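1. What would the 3D arrangement of this be:
(2 chains)
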Protein chains: 2
Amino acid sequence: MTMGQDMSSEQRPLSGIRVLDLSHVLAMPYCTMILGDLGAEVIKVERPVTGDDARHFGPYKEGESAYFMSVNRNKRSVTLDLRNAEAKAVLRDLIACSDVLAENYKPGTLAKLGFSEQEVKAINPRIVYASICGFGHDSVYPGRPGYDIIAQAFSGFMSITGYPENPPTRAGASVGDIISGLFTAVGILASLRGVDREGQGQRLDIAMTDCMLAVLENAVVRQTVAGQTPGRVGSRHPAITPFDVFETANGHVVIAVGNDRLWEMFCQAVPQLAEALGDERFSSNPQRTENHADLKPIIEAWSRTLTSAALVEQLSVVGVPCGPVNTIADVVADPNTIHRDMLAAFDHPTAGHVVTANNPIHFDRTPCKAHRPAPELGQHTEDVMTAVLGYPSERVDELRSSGAFGQADSTS
Amino acid sequence: MTMGQDMSSEQRPLSGIRVLDLSHVLAMPYCTMILGDLGAEVIKVERPVTGDDARHFGPYKEGESAYFMSVNRNKRSVTLDLRNAEAKAVLRDLIACSDVLAENYKPGTLAKLGFSEQEVKAINPRIVYASICGFGHDSVYPGRPGYDIIAQAFSGFMSITGYPENPPTRAGASVGDIISGLFTAVGILASLRGVDREGQGQRLDIAMTDCMLAVLENAVVRQTVAGQTPGRVGSRHPAITPFDVFETANGHVVIAVGNDRLWEMFCQAVPQLAEALGDERFSSNPQRTENHADLKPIIEAWSRTLTSAALVEQLSVVGVPCGPVNTIADVVADPNTIHRDMLAAFDHPTAGHVVTANNPIHFDRTPCKAHRPAPELGQHTEDVMTAVLGYPSERVDELRSSGAFGQADSTS
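-> Prediction:
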């Protein structure tokens, strides 16, 4: 549990890197949040008045979006009305002094505003210009939108998730967005090494559909090498049995019996399975997999008599791999979650005390666990103009009166 | 589609970085594969005779594991029998000249062999020593195994995936492994910047359960802020309707109607929905969400009359976000998959032609799309001893006779 209202990021691995963040909603904001956790200075540019769409996604606390707060910590917020010529000049100055430009608008949006790849490179040839969209800027489907569910669906990921009797199933977390954000973070960090060495930036064109295809691993080779189109098999392993979710007296557990030796240990640890151990249908992994539908009720006749905790205890002491299927309530209260400092607690000026998931990368020398809360809209507009861009106060006043920060500027 | 049997990685962003890869199966091998794609030199150390467990996972081609090939391209393979004192000396020499040590054994395994954090740091204080395991090296559950399904279950991810009438559901791809591999890649790349600046390495202790908790985004704040434990709602969006999967004449599509304006456009584009547009139950998003069970059959009465392709065409021209739910066969054949160079084709010496998913990070200046195929077990033992470690041939012969490379050495 961390507080860190005013945590310095000087000692973090990415200190000295400035990220100009033109992103919204989830995929790229997740990427820039991770970069911010690691010490990069992230300047989020938002449109005046409404800001990032995610500021209007629930759940809310005291009228502030907790959704937004959970993916925008460690950033500063500047409002710029990019239809305004003065605001564009400010953005050009920000591009000139940034290491990374990160955005996930629909392809063409920034180019229309005067910030195409060529224009950005002309301002700052060292910048890494990273984009995320649904199908790629270089794509045969240039106009198609790129929501998480569309990427999970297009990539085949949904076709192999869920139970056969149900429709293709979306993962309950937005992995289409977040996996794309993680690949983009990898691409940005790798590109920065090239900048250090060669003094030249790079253009990153990340498609959510590509990223989801890249994580399918053996499903792709089952198709391309074995010629079998993988389907939905529920939670069980398609080739190892028992390796599945099982109902207990108060919830569910997973049990992962990876080989015949573990099968023996499992059956010996559970008196109710003594008969199964001698059963011809279950005598080897291929036979257990063929007869998985017979085996599951036998295991559940036992597992339903125990609480999840008691079952995990009984199998863990003999070394059979297993674990609870936690609810979100369970996992946020688990002692290991607390021990690993996996909850980040903020005191937000309006919302008060808010708890989100923390960064999972544990560094020993430069911890990256304490954070600044997500910014209020335009909270740092003036700071960035003066401290980052070095504008004199008259220039800031001029910009404000010109509407560059928006008519309803919230910075002063 | 790329070949690149002998692709040089000199121009890639991570050229000059050497990764000593003691990993197996999936989480860390995925991480080191991505680093290899980006130009790092990855030296995979495997136990003699059997090698990485993943060499024994199907599907196979000509007796070679396509599973292994799909997560081990761009690596070289060295066999070392780490019970042998001479082999340990070789590993120490490799540690001395590497930038990164990556491993995902059960906590304590490498320490028992003489390669604890302190011992590795004493050999090379600049090294980034990265580990992935289930619950963390620093954990309240030190002995628990860390399979993908255990991480998906423990983190709460499975509790929010799937249909309410089914048990908690594992995502069909091993996102517990792969997301952990991606966070680790981010951590390694960030740490390398610190090494460049301060000359000191870092210890990364990555827990798969932490990584999965970190990707739950709004599910965590729904719990901690709103006090509601999220459950399973199938593929639909919990707060936006219609935003779901729908059956068609030949498969499924997703349709994502994010607001009232899109709802109007949707109903106007589909004559069969004209009545729904005027229906009080569906007049606003909150009402559509409340009555989602009434609305879905109305939409499916129409969607089942069209092929997925025809439906996507009909809605796309009017700008309603939608897309096909592809099978794996569909996505590997899709024109955008080909256009984006998202299939990597290898000619493997034994297996012949093999196609896997490619790296999804598109760089313009230093493309990272063409690859070396995954290595045969011990294929590069001799090369690495002479070209990397600079051992004279007598020393290599000695090592071989001592059994350091294993009794059934396959390198000569």
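2. For the rest of this, base every contact and every neighbour count on C-alpha atoms.
-> Fine.
3. Domain map for chain A?
-> A:18-215+A:340-402, A:243-326 (automatic domain parsing).
4. ranking those domains by burial, who's on top?
-> Of all the domains of chain A, domain A:18-215+A:340-402 has the most neighbours on average by mean count of other CA atoms under 10 Å in any protein chain shown, namely a mean of 22.
5. Please convert the domains of chain A to TSV, extending it with distance to B:K121 and mean pLDDT.
-> Converted to TSV, those look like this (distance: least, CA to CA, whole Å; pLDDT from 0 to 100):
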stretch	distance to B:K121	mean pLDDT
domain A:18-215+A:340-402	12	96
domain A:243-326	32	96
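6. Generate a markdown table for these, with distance to B:V257 as supplementary columns.
-> Shown next, in a markdown table, are the domains of chain A (distance: least, CA to CA, whole Å):
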| stretch | distance to B:V257 |
| --- | --- |
| domain A:18-215+A:340-402 | 11 |
| domain A:243-326 | 31 |
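7. Dump those to a markdown table, plus distance to chain B.
-> Output for those, formatted as a markdown table (distance: least, CA to the nearest CA, whole Å):
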| stretch | distance to chain B |
| --- | --- |
| domain A:18-215+A:340-402 | 4 |
| domain A:243-326 | 4 |
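8. which residues of the stretch 151-300 of chain A fall in helices?
-> For the stretch 151-300 of chain A, the helices defined by DSSP state H, counting those that start in this stretch cover A:175-198, A:208-214, A:218-224, A:260-269, A:274-278, A:285-290, A:292-303.
9. Format these as CSV; extra columns: distance to B:P367.
-> Conversion of the helices of the stretch 151-300 of chain A to CSV gives the following (distance: least, CA to CA, whole Å):
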stretch, distance to B:P367
helix A:175-198, 11
helix A:208-214, 15
helix A:218-224, 22
helix A:260-269, 45
helix A:274-278, 54
helix A:285-290, 42
helix A:292-303, 45
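10. Quick one, which of the ones you listed gets closest to A:G143.
-> Among those, helix A:208-214 comes nearest to A:G143, with 14.0 Å by CA to CA.
11. from the chain's centre, how far out does the closest one sit?
-> 14 Å (CA atoms, centre = their mean, to the nearest Å).
12. Show me what that helix is packed up against.
-> Applying 3 or more CA pairs under 8 Å, 6 or more residues apart in numbering or on different chains; DSSP states H and E, we find helix A:208-214 packed against helix A:148-154, helix A:175-198.
13. What's opposite the closest residue in space to A:H237 that isn't next to it in sequence in the beta bridge?
-> For A:H237, ignoring the flanking residues on the chain, the nearest one in space by CA to CA, 6 or more residues apart in numbering or on different chains is A:F243 at 5.6 Å. Beta-bridge pairing of A:F243 under DSSP bridges involves A:A256.
14. Distance of A:F243 relative to A:A274?
-> 18 Å (CA to CA, to the nearest Å).
15. who's in contact with the residue nearest to A:H237?
-> Shown in contact with A:F243 (CA atoms under 8 Å, 6 or more residues apart in numbering or on different chains): A:236-237, A:254-258.
16. now A:D330
-> With CA under 8 Å, 6+ apart, A:D330 has these contacts: B:G156.
17. how about it, secondary structure?
-> Put simply, A:D330 is helix when judged by DSSP: H, G, I helix; E, B strand; the rest coil.
18. what pLDDT does it get?
-> With respect to pLDDT, A:D330 has a value of 98.
19. just A:M7 next, same as before
-> 46.
20. Over to the one 3 residues further on?
-> According to the prediction, A:E10 has pLDDT 58.
21. now A:A239
-> Looking at A:A239, its pLDDT is 87.
22. What is the burial count for it?
-> Neighbour count of A:A239, defined by other CA atoms under 10 Å in any protein chain shown: 15.
23. so who does it touch?
-> A:286, A:289.
24. ok, the most far-flung residue of chain A relative to its centre to A:F266 distance?
-> Distance from the C-alpha centroid of chain A peaks at A:G278, with 45.9 Å (CA atoms, centre = their mean). Note on A:G278: its distance to A:F266, by CA to CA, is 13 Å.
25. Please name whichever of the helices of the stretch 151-300 of chain A is nearest to B:S155.
-> helix A:175-198 (14.1 Å).
26. Could you find the closest non-adjacent residue to the residue nearest in space to the middle of chain A?
-> What sits nearest the mean C-alpha location of chain A, by CA atoms, centre = their mean, is A:I178, with 3.1 Å. Excluding the flanking residues, the one nearest A:I178 by CA to CA, 6+ apart is A:A27, at 5.4 Å.
27. Make sure the one you found is actually in contact with A:D177.
-> Yes - applying CA atoms under 8 Å, one finds A:A27 in contact with A:D177, separated by 4.2 Å.
28. Checking my notes, A:A130 in a strand, right?
-> Yes - counting by three-state DSSP, A:A130 falls inside a strand.
29. What backbone torsions are found at A:V355?
-> Dihedral angles of A:V355 (phi, psi; degrees, to the nearest 10) stand at phi -120, psi 130.
30. related to what we said a few turns ago, which residues touch the residue nearest to the centre of chain A?
-> A:26-27, A:30-31, B:215.
31. hmm, 7 Å instead?
-> A:27, A:30, B:215 (CA atoms under 7 Å, 6 or more residues apart in numbering or on different chains).
32. Name the nearest of these relative to A:G323.
-> B:V215 (19.5 Å).
33. Give me the phi and psi for that closest one.
-> B:V215 adopts backbone torsions of phi -100, psi 10, taken as degrees, to the nearest 10.
34. Same check on A:K61?
-> Torsion angles at A:K61 (phi, psi; degrees, to the nearest 10) stand at phi -130, psi 120.
35. Report the contact partners of the nearest residue to it once chain neighbours are set aside.
-> Spatially, and ignoring its direct neighbours in sequence, A:K61 is nearest to A:A351 (5.3 Å; CA to CA, 6+ apart). Taking CA under 7 Å, 6+ apart, we find A:A351 in contact with A:61-62, A:64.
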